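Asks: Let's see this in three dimensions:
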Amino acid sequence: MFRLLGILLTVLFAIATAIVVWPQFFQLEQTFPFAQLVAVRGAVLAGLLAIAVLSLLLLFARPLRGFAASILIVALLGSAAIAGIGALRGFGTGELPAKSEASVRVLTWNTAGEAVSAETIADAILTQEVDVVTLPETAESVGERIAVMLREQGRPMWVHHVQFGEVPNGPQAWETTILVSPELGDYSVIGSSADGSSNTSSVPSAVVMPVNGTGPTIVAVHAVAPRVDAMERWQSDLSWIADQCPAGDFILAGDFNATIDHMASLGVDGGDMGYCRDAASRTGTGATGTWPASFPALLGAPIDRIMASQNWEPTGSLVLDAAGSDHRALVVQLDPAG
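Replies: So this is what the prediction gives:
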């Protein structure tokens with residue numbers, strides 16, 4: 001009886017481990033609770049290692065030796081798989097190569113309102129020589145203060161903004177701000193993004209297009225978080241974001257509230273979201289957690305992403321300290337492909 005129970009528990013544990021390691025195979029990557037678990041692969045790895053240690057100790061109990069050995073093997077295999085996936089995507093904080101005249105550097109930072117000061121953001125832009133900045137949860141007034149500081153330092157940027165709701169002094173989670181270097185040309189927010197007729201569901205994304213049609217369309221992404229009561233809206237947001245990168249010249253950057261795993265069904269022709277390819281996972285920082293910043297980066301969720309269409313080649317990425325926000329910032333360098 002106990003032997004059969006041990007076999008059953010081992011089989012169930014093996015199935016659960018397989019689903020958590022690679023929910024895409026079972027088409028469960030956007031399903032509660034697997035969507036939440038796969039977002040924190042580092043924490044799952046720690047849990048599997050803890051189970052492995054416990055199983056190792058149980059090997060000393062003769063009646064449980066067979067059961068403990070089988071659980072130990074499954075836990076180690078699951079741990080090795082998660083560690084291998086993380087190693088391929090990259091656990092580091094990264095670095096940026098030398099910037100050429102054709103390079104474009106993109107910074108995204110969910111600033112949690114004004115948890116990060118305008119001065120800190122402006123300093124990061126100047127230090128990292130950034131050309132495009134996407135700031136979910138950041139008011140237009142903050143973007144304007146940043147732009148003034150940058151202009152005084154000889155590096156002007158245009159400010160664009162989208163807001164949901166008409167409540168004065170409403171929460172900055174209802175706002176998203178973009179700054180674009182004049183060197184990329186003149187940009188404007190598209191109407192359907194500004195009025196919300198084509199946008200993410202609960203918190204705003206912003207889509208800006210070059211006025212003269214030359215240059216990348218830039219999407220500042222902010223998807224709703226995958227809470228239990230918001231799973232359908234979250235899935236809809238991810239589909240909308242993927243639709244913003246058809247064939248052409250596009251850059252997506254922001255708080256996706258999703259990792260590469262959640263996007264398994266949304267890529268087209270080698271892309272991760274539509275035709276866009278994730279930059280961090282191709283430059284060594286793809287598994288570094290950006291939220292919550294209070295957790296070690298290896299235990300956090302890498303949900304802040306920068307992606308670009310295939311006419312751009314990601315050549316470097318850098319994860320920056322949170323400086324007061326609950327999100328770390330991400331900077332990526334893009335160079336023309338070929």
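Asks: counting contacts, what elements does the helix or strand containing Arg105 pack onto?
Replies: Assessed by DSSP states H and E, Arg105 sits inside strand 104-108. Here strand 104-108 is seen to pack against helix 118-128, strand 132-136, strand 250-255, strand 304-308, strand 329-336 when contacts are counted using 3 or more C-beta pairs under 8 Å, 6 or more residues apart in numbering; DSSP states H and E. From N, CA and C alone the C-beta is placed, and that goes for glycine too.
Asks: any idea of the mean pLDDT in the first one?
Replies: Confidence over helix 118-128 (mean pLDDT, whole number) is 97.
Asks: ok now that helix, how far from the chain's centre?
Replies: Taking the mean of its C-alpha atoms, helix 118-128 sits 21 Å from the chain's own mean (C-alpha atoms, centre = their mean, to the nearest Å).
Asks: Just say helix, strand or coil for Gly324.
Replies: coil (DSSP: H, G, I helix; E, B strand; the rest coil).
Asks: low pLDDT regions in the chain?
Replies: 1-2, 166-171 (pLDDT under 70).
Asks: how far off strand 132-136 does the strand holding Arg105 point, in degrees?
Replies: 10 degrees (axes from the mean of the first three to the mean of the last three C-alpha atoms, to 10 degrees).
Asks: In its sheet, which strands sit next to strand 104-108, and in what direction?
Replies: Strand 104-108 sits in its sheet next to strand 132-136 (parallel), strand 329-336 (antiparallel), going by DSSP bridges.
Asks: Looking at the ones you listed, spot the one closest to Gly185.
Replies: The closest approach between Gly185 and any of these, judged by C-beta to C-beta, belongs to strand 132-136 at 11.7 Å.
Asks: How is this structure partitioned into domains?
Replies: 2-89, 94-336 (automatic domain parsing).
Asks: Could I get the ones you listed in JSON lines, plus columns for mean neighbour count?
Replies: Compiled in JSON lines, the domains of the chain are given as follows (neighbours: other C-beta atoms under 10 Å):
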{"stretch": "domain 2-89", "mean neighbour count": "16"}
{"stretch": "domain 94-336", "mean neighbour count": "20"}
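Asks: Now do the helices in the stretch 151-300 of the chain.
Replies: 191-194, 231-243 (DSSP state H, counting those that start in this stretch).
Asks: So for Val74, which of those sits nearest?
Replies: Proximity to Val74 (C-beta to C-beta) singles out helix 231-243 among the helices of the stretch 151-300 of the chain, at 28.3 Å.
Asks: Counting by contacts, list what that closest one packs against.
Replies: Using 3+ C-beta pairs under 8 Å, 6+ apart as the contact test, no helix or strand touches helix 231-243.
Asks: which residues are in contact with it?
Replies: 30-32, 35, 198-202, 205, 219, 221, 223-227, 252, 256-258, 262-263, 266-268, 273-274 (C-beta atoms under 8 Å, 6 or more residues apart in numbering).
Asks: Which members of those occur in strands, if any?
Replies: Per DSSP state E, strands hold the following members of those: 219, 221, 252.
Asks: Let me know whether Ile251 touches Thr217 as I believe.
Replies: Yes - when contacts are counted by C-beta atoms under 8 Å, Ile251 is listed as touching Thr217 (7.4 Å).
Asks: that older thread, for the strands paired with strand 104-108, give me JSON lines that also has distance to Ala301.
Replies: Output for the strands paired with strand 104-108, formatted as JSON lines (distance: least, C-beta to C-beta, whole Å):
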{"stretch": "strand 132-136", "distance to Ala301": "15"}
{"stretch": "strand 329-336", "distance to Ala301": "13"}
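Asks: which one of those lies closest to Ala81?
Replies: That would be strand 329-336 among the strands paired with strand 104-108, by C-beta to C-beta, at 25.5 Å.
Asks: hmm, back to that, minimum distance to Ile125: which of the strands paired with strand 104-108 has it?
Replies: strand 132-136 (6.1 Å).
Asks: what's in contact with that closest one?
Replies: For strand 132-136, using C-beta under 8 Å, 6+ apart, the contacting residues are 104-111, 121, 125, 142-143, 146, 157, 173, 176-181, 184, 203, 206, 218, 220-222, 251, 253-255.
Asks: please redo it, this time with the cut-off set to 6 Å
Replies: With contacts defined as C-beta atoms under 6 Å, 6 or more residues apart in numbering, strand 132-136 is touched by 106-111, 176-180, 218, 220, 222, 253-255.
Asks: I'd like the helices of the stretch 151-300 of the chain laid out as JSON lines, including distance to Ala323.
Replies: Supplementary listing: the helices of the stretch 151-300 of the chain in JSON lines, determined by distance: least, C-beta to C-beta, whole Å:
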{"stretch": "helix 191-194", "distance to Ala323": "28"}
{"stretch": "helix 231-243", "distance to Ala323": "26"}
